[in-house]
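Q: Predicted model and sequence below, questions to follow.
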Amino acid sequence: MLYSIITAIQKSAICIDNLLKKDDFNYLNSKNSTGDIQLDIDVEANRIFKDTLLCLESIKGVCSEEEKEIIYKENPSGVYIVAFDPLDGSSIVDSNLSVGSIFGIYNQELNAKNLIASGYVIYGPRLEMIVAQNDVHHYIYNGNEWKINGNLTLSNKGKINAPGGTQKNWSTKHKILIESLFLEGYRLRYSGGMVPDLHLILRKGGGLFSYPPTSDMPNGKLRALFEVFPFAFIFEKAGGEAIDGQNRLLDLEIDTIHQSLPCFFGSKDEISRVKLAYK
Ligand code: AHG
Ligand code: MN
Ligand code: MN
């Protein structure tokens, strides 16, 4: 059941990768539900994911960053709802930096507790995919087929600091936390795309990525269903933690499908420092 969904996402990823490598992108005159101006590639990637997934028997519905409502199949036989951000990193795609697609597979209901698997695709020099279930599997596309490249695991402590959000809008406690990590020797790594930024931490085995509550965005920027819960699941399965400052992200309830949440993903040591700072 789950296997057919993963295969469908792998198929979609190859199509999107081909599109990304073809041409420059254009802004459209439309905005998505969060108010972001859409690119033609956002719309096309959304169509590819939606069409591919809705054909599957195991699917009950899909939910996308680029769609207002959940799309349910008529008379579905399946139980899974896949929530996805078809193209993460619209603001850096024009600069030819790595971008991604993020997905979460929910059983019956779109609730963090019902998340049974999640992952992302990274469109970089290589096409890669991460799928977390009990473990975090790393796949590489070799131009012909997807090959498993082992599992990703996090150590207790890393060296990378990836702080998101506009610094002038950070709280004082957040500024102190980020500065204290730099003073200890942590190094700044931040591209502005959560897929490559979090993938780097997972590949290097540790560190901290933060998108805190800010004065302009008290709920953070990153969306719970399409971005935050999928990565929280991945980080926990890799041996790290994911919190909103105090609480485990996967224990939180949401009110609307496009809701955002402040988020901190990292190895255990860094997350314990966030908890202390945000006490
Ligand atoms: P999207 O392109 O789907 O709208 O999301 C972009 C997100 C995420 O990838 C990244 O971590 C964050 O926006 C960057 O935000 P800042 O530029 O405010 O740091
Ligand atoms: Mn996104
Ligand atoms: Mn997006």
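A: Perfect, thanks for sending it. Ligands and ions are numbered 1, 2, ... in the order given.

Q: Asp42 against Glu66, yeah?
A: Yes - Asp42 is within contact range of Glu66, at 5.8 Å (criterion: Cβ atoms under 8 Å). Where C-beta positions appear, they are placed from N, C-alpha and C, glycine not excepted.

Q: So for the two, which sits in the more crowded spot?
A: Asp42 (25 against 22; other Cβ atoms under 10 Å).

Q: just to revisit the earlier point, what touches both of Asp42 and Glu66?
A: 32, 86 (Cβ atoms under 8 Å, 6 or more residues apart in numbering).

Q: residue contacts, the residue most central in space within the chain?
A: Centroid-nearest residue in the chain: Glu227, 3.7 Å away (criterion: Cα atoms, centre = their mean). Glu227 sits next to 65, 85, 88, 102, 194 when contact means Cβ under 8 Å, 6+ apart.

Q: how about the CA coordinates for the helix or strand the second one falls within, as CSV?
A: Applying DSSP states H and E as the criterion places Asp85 in strand 80-88. Taking C-alpha atoms only, strand 80-88 is exported to CSV below (Å, rounded to 0.1, in the frame of the first residue of the first chain):
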residue,chain,number,x,y,z
TYR,A,80,-4.3,7.6,3.2
ILE,A,81,-4.2,11.3,2.7
VAL,A,82,-0.9,12.7,1.3
ALA,A,83,-0.2,16.3,2.2
PHE,A,84,2.6,17.9,0.2
ASP,A,85,4.5,21.0,-0.7
PRO,A,86,5.1,20.3,-4.4
LEU,A,87,8.0,22.8,-4.7
ASP,A,88,9.7,24.2,-1.6
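
Q: so how far is it off the chain centroid?
A: 9 Å (Cα atoms, centre = their mean, to the nearest Å).

Q: As a check, name the ranges of all strands in the stretch 51-200 of the chain.
A: Secondary structure of the stretch 51-200 of the chain (DSSP state E, counting those that start in this stretch): strands located at 59-64, 71-72, 80-88, 99-107, 115-123, 127-132, 136-141, 146-151, 160-163, 187-188.

Q: Can you list the strands that the first one pairs with?
A: On the basis of DSSP bridges, the sheet neighbours of strand 59-64 come out as strand 71-72 (antiparallel), strand 80-88 (parallel).

Q: before we move on, what about the fourth one?
A: For strand 99-107, sheet partners with direction are given as strand 80-88 (antiparallel), strand 115-123 (antiparallel), following DSSP bridges.
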